[in-house]
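K.L.:
Here is a sequence together with a model predicted from it:
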Amino acid sequence: MNARHVQSPITNAGGGAGTSGGSWRFILAFLVGAVFIYAGALKAWDPVKFASDIQNFHLLSWPLGMRLAFYLPWLEIVCGLALIVGWLRTGAAGILTALLVVFIAATIAARMRGIDLDCGCFGKATKDLPFAWHLAIDFALLAALLGAWFSFHSAARRSR
């Protein structure tokens, strides 16, 4: 019989919590996951406000923006939890990376069209930050997600 050893995704993110590879992966997954859980929860709390924030980009119709306002926050929360718990971590990092790339592109496009907007991602915590700081935070989060995705992907391939 060919028994396969299954390790906890929380303590073994491709290295074990005791190893430097596993511990930095877990810390990165926890931090990025927590950011997306927080941002998703703020948006899920008031989906109509989030729909209005989506509408401020002037890219989507109101009905589509409203649907996204009810769906996207929960996708962020579930993917954030997946990063922390370790369940489908690579897929969660990939989904969040794609969402963040679309958001960055939409933000830059809106700014280039002269639209000064409040994205609503972190509520009042980032409301008064200049555009450059918003982009810096977005690109830092993107770098963390890409690093996490490549790390989880390579760890998953090594464990096969």
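P.N.:
Alright, I've got the coordinates.
K.L.:
From here on, just use CA atoms for contacts and neighbour counts.
P.N.:
Will do.
K.L.:
Now do the helices in the chain.
P.N.:
20-45, 47-55, 62-85, 89-112, 131-159 (DSSP state H).
K.L.:
Would you reformat those as TSV and include mean neighbour count and mean pLDDT?
P.N.:
Shown next, in TSV, are the helices of the chain (neighbours: other Cα atoms under 10 Å; pLDDT from 0 to 100):
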stretch	mean neighbour count	mean pLDDT
helix 20-45	20	86
helix 47-55	20	90
helix 62-85	20	95
helix 89-112	17	91
helix 131-159	16	82
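K.L.:
right, and Ile54 touches Arg67 too?
P.N.:
No. Contact criterion Cα atoms under 8 Å: Ile54 and Arg67 do not qualify, at 10.5 Å.
K.L.:
so what's the residue most central in space within the chain up against?
P.N.:
Residue closest to the mean C-alpha point of the chain, counted by Cα atoms, centre = their mean, is Leu96 at 3.9 Å. By Cα atoms under 8 Å, 6 or more residues apart in numbering, the contact list for Leu96 reads Glu76, Cys79, Leu145.
K.L.:
Kindly recompute the last result at 10 Å.
P.N.:
32-33, 36, 75-76, 79-80, 83, 102, 141-142, 145-146, 149 (Cα atoms under 10 Å, 6 or more residues apart in numbering).
K.L.:
Now the phi/psi pair for Asp116, please.
P.N.:
phi -100, psi 110 (degrees, to the nearest 10).
K.L.:
Please list all residues in contact with the spatially closest residue to it that is not a sequence neighbour.
P.N.:
By the measure of Cα to Cα, 6 or more residues apart in numbering, the closest residue to Asp116 outside its immediate chain neighbours is Ala110, 7.4 Å from it. Contacts for Ala110 (Cα under 10 Å, 6+ apart) come out as Asn56, Phe57, His58, Leu59, Ile104, Asp116, Leu117.
K.L.:
I'd like the residues you listed laid out as CSV, including distance to Arg25.
P.N.:
Output for the contacts of Ala110, formatted as CSV (distance: Cα to Cα, whole Å):
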residue, distance to Arg25
Asn56, 36
Phe57, 34
His58, 37
Leu59, 36
Ile104, 24
Asp116, 36
Leu117, 34
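K.L.:
out of those, which one sits closest to Ile27?
P.N.:
Of all the contacts of Ala110, Ile27 sits closest to Ile104, with 24.3 Å by Cα to Cα.
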